[in-house]
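Colleague: Okay, here's the prediction I keep looking at, along with the sequence it came from:
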Amino acid sequence: MSEKIHKPSHGSNNSLGIKSLLGTEFLEKKQIDQVLKYSFLFKELLDAGKPIPQTLAQKTVILLFFEPSTRTRSSFELAAKRLGGNTLVLTKEGSSAEKGETLVDTAKTVEAMQPDVLVLRHPSAGSPFHLNQILDIPVVNAGDGFHEHPTQALLDLMTLQQFKGKIAGLKVLIVGDIAHSRVARSNIYALKKMGAEVSVCGPPTLLPPKVEQMGVEVYYELDQAVKNKDVIMTLRIQFERLNPGQSPSRGEYSKFYGISESVLKSAKSDVLIMHPGPVNRGVEISPEVADGSRSVILNQVGNGVIVRMAVLHLLTGGELPEGLV
Ligand code: CP
């Protein structure tokens, strides 16, 4: 038999023009614009309490989460369900991965059950790229090691558009553990494609070598870095990915790189404070700033569901009723 069975055909025959969402490095501005357009469209429907088109009805989204997650995993699940889809969540714990099954075998096994999309979070950088090559269904990267987290960057762009009314021309500072941050990498690619000016600030041991080659300005002194910025995006230190001695102590880090009310005295009065979560309160950000009036951390979380609705809708080739688009 020449034809493989249990292989649904899904190509890039959707309006986004890509089969899978693997990273913002590979997105064009017009594709980011398309995701944002659908995100705001879904937001408008949700805010108005209008019915959401069930474009994922009869479709199944498999969530393969081999690293912990609260926001990304639950928002993909909610996104799929709001669009009328089914979801199945598999974590490393409790699945046959614990018995030694490889990621490829697990992915092929779940694809044989004929889902329509696979969402993957995995500690190995590049794992979604590998699965994209061997699977016919779209793969969405929900965070691969310290490589990329594209839907986080897209929801951050949506939040900037919502609160600043634009992205092009914004001066965005990313503070913290840039070296181990997939959020920083995806945001740098995406923000620059959208015309923002991006700077980074952190201890030298937590900045990637030659980071300026990504087209960002580099600071080591936080009070200098925050001046004239429209947005400060602070990051969790990825303690689980650090080698011993690579990071200052929590106290030291907080003293030199923590975003506090005192640091914000050097910043613009309308600076927007963002954090992808989860937050190490009192380390990279003080509770007063995290919960303060300039913080949009929970708005980012809310927008995460909406952006993931747009991504799932677009990748599965869903069509909205005439008049909505
Ligand atoms: N921002 C983010 O990816 O959070 P989770 O790890 O909770 O999904």
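Modeller: Cool, got the structure.
Colleague: Name the residues of stretch 276-292 that come out as buried.
Modeller: 276-277, 279-280, 283-286, 289-290 (16 or more other CB atoms under 10 Å). Where you see a C-beta, it was placed from the backbone N, CA and C, and this is true even at glycine.
Colleague: quick one: contacts of stretch 148-158?
Modeller: In this structure, residues lying in contact with stretch 148-158 by CB atoms under 8 Å, 6 or more residues apart in numbering are 21-25, 27, 32, 35-36, 39-40, 72, 76, 140-143, 167, 182-183, 185-187, 189-191, 194, 233, 274, 276, 300, 303-304, 306-308, 311.
Colleague: Give me the pLDDT for residue 248.
Modeller: Residue 248 is assigned a pLDDT of 75 by the prediction.
Colleague: In terms of helix, strand or coil, where does it fall?
Modeller: coil (DSSP: H, G, I helix; E, B strand; the rest coil).
Colleague: could you list every residue that touches it?
Modeller: Here residue 248 is in contact with 203, 256 (criterion: CB under 8 Å, 6+ apart).
Colleague: So it versus the ligand, what's the distance?
Modeller: When distance is defined by CB to the nearest ligand atom, to the nearest Å, residue 248 is 23 Å away from the ligand.
Colleague: And residue 52, by the same measure?
Modeller: With the distance defined as CB to the nearest ligand atom, residue 52 ends up 23 Å from the ligand.
Colleague: So that residue is in contact with residue 81, correct?
Modeller: No. Using CB atoms under 8 Å, residue 52 makes no contact with residue 81, being 10.1 Å away.
Colleague: picking up where we left off before, go through the contacts of stretch 148-158 and flag which are in strands.
Modeller: Secondary structure of these is defined by DSSP state E; positions in strands are 140-143, 233, 274.
Colleague: give me the residue from the stretch 101-250 of the chain nearest the ligand.
Modeller: Among the residues of the stretch 101-250 of the chain, residue 152 lies closest to the ligand, at 5.3 Å counting by CB to the nearest ligand atom.
Colleague: what is the rounded mean pLDDT of the one helix or strand that residue maps to?
Modeller: Assigning secondary structure by DSSP states H and E places residue 152 in helix 150-164. Mean per-residue pLDDT for helix 150-164: 98.
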